[in-house]
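In: requesting a structural model of the entry that follows:
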Amino acid sequence: MTTTVLARPATRSKWLLRLFYVLLAGLVVSVLAFSVFKPIKVLPRVSLAPGFAFTNQTGAHKTSDDYRGFLTIYNFTHTHCGTGCPQTSPWMQVLRAKLDQGTTVTPYALVTISVDPERDTPDALEAYAAQFGADQSNSVTWDWLAGDVLRTKYVVGGGFGVFYDDQPGTTDTVRLDPRYVLVDGAGIVRAEYRAVELNVERVAQDIAILADEIQNSQGAARLAYEAAHLFRCYP
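Out: Numbering: from 1, shown residues only. Purely as a prediction, here's the structure:
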């Protein structure tokens with residue numbers, strides 16, 4: 001009588017264990033390669049940008065939701081920004097001209113928020129913005145916003161982390177730290193630039209990285225971009 005010998009459970013377990021180790025090693029090698037070579041670069045997700053409801057230079061009501069779907073660059077100033085005050089708006093003008101020359105499926109927007117809303121009425125903002133060619137005929141919109149004093153402190157100081165305070169009796173009545181903030185179409189802060197003189201080329205490069213992520217992180221490719229965030233594949 002012939003007896004069929006079945007595969008020993010111990011042998012099968014060893015084979016499965018070896019397979020597990022091979023797969024694990026492959027995963028580790030892939031992770032290391034991804035971390036070292038960074039085949040995909042992304043901008044970090046810094047924080048959620050604050051929500052707001054302000055009025056722009058034409059008197060139109062504007063909220064943070066109006067910029068959903070836009071790559072938005074913010075700066076902070078006021079119409080009495082004189083000698084000693086960080087002049088960031090001229091650099092926004094340079095950036096606007098740079099962006100207007102490019103092509104992308106993702107629209108851009110520029111937003112300037114006043115830190116002196118008591119004096120910066122829509123008429124004052126419109127007159128001041130005219131110095132920088134901030135009309136809406138350009139393909140890149142540029143809104144100059146102001147609103148309630150307390151709400152401004154919550155949004156600018158608390159939400160964007162920009163320090164400013166009043167200096168009564170001085171030439172520049174508001175002391176202000178320079179800051180530019182890049183926010184994606186989902187309302188997430190992706191980059192901050194803490195200098196008066198904006199490195200326009202660097203910002204343009206960051207925007208291009210962000211635009212590529214928005215355009216390409218669909219379907220299965222989304223996993224690759226999430227991995228890039230996980231392993232901090234930053235430029």
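In: list phi and psi for residue 111.
Out: Note on residue 111: its backbone torsions stand at phi -140, psi 130 [degrees, to the nearest 10].
In: I'd guessed it sits against residue 72; true?
Out: Yes - between residue 111 and residue 72 there is a contact under CB atoms under 8 Å: 5.8 Å. Placement of C-beta: from N, CA and C, glycine included.
In: where does pLDDT dip in the protein?
Out: 1-10, 16-38, 102-105, 136-137, 167-173 (pLDDT under 70).
In: which stretches of it form strands?
Out: Here the chain has its strands, by DSSP state E, at 47-48, 53-55, 61-63, 71-77, 108-114, 141-145, 164-166, 174-176, 180-183, 188-193.
In: distance from the last one to the middle of the chain?
Out: Using CA atoms, centre = their mean, to the nearest Å, the distance from the centre of strand 188-193 to the centre of the chain it belongs to is 4 Å.
In: direction included, what does it pair up with?
Out: Counting by DSSP bridges, the strands paired with strand 188-193 are strand 47-48 (antiparallel), strand 180-183 (antiparallel).
In: can you check what angle separates it from strand 71-77?
Out: Orientation note: strand 188-193 sits at an angle of 50 degrees relative to strand 71-77 (axes from the mean of the first three to the mean of the last three CA atoms, to 10 degrees).
In: now do the helices in this structure.
Out: 9-37, 89-101, 122-129, 149-152, 200-216, 221-230 (DSSP state H).
In: how much space between residue 48 and residue 94?
Out: Note on residue 48: its distance to residue 94, by CB to CB, to the nearest Å, is 28 Å.
In: er, residue 63 actually
Out: 27 Å.
In: ditto for residue 61
Out: 29 Å.
In: could you dump the strands paired with strand 188-193 into TSV with mean neighbour count and distance to residue 129 added?
Out: Putting the strands paired with strand 188-193 into TSV (neighbours: other CB atoms under 10 Å; distance: least, CB to CB, whole Å) gives the following:
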stretch	mean neighbour count	distance to residue 129
strand 47-48	14	28
strand 180-183	24	17
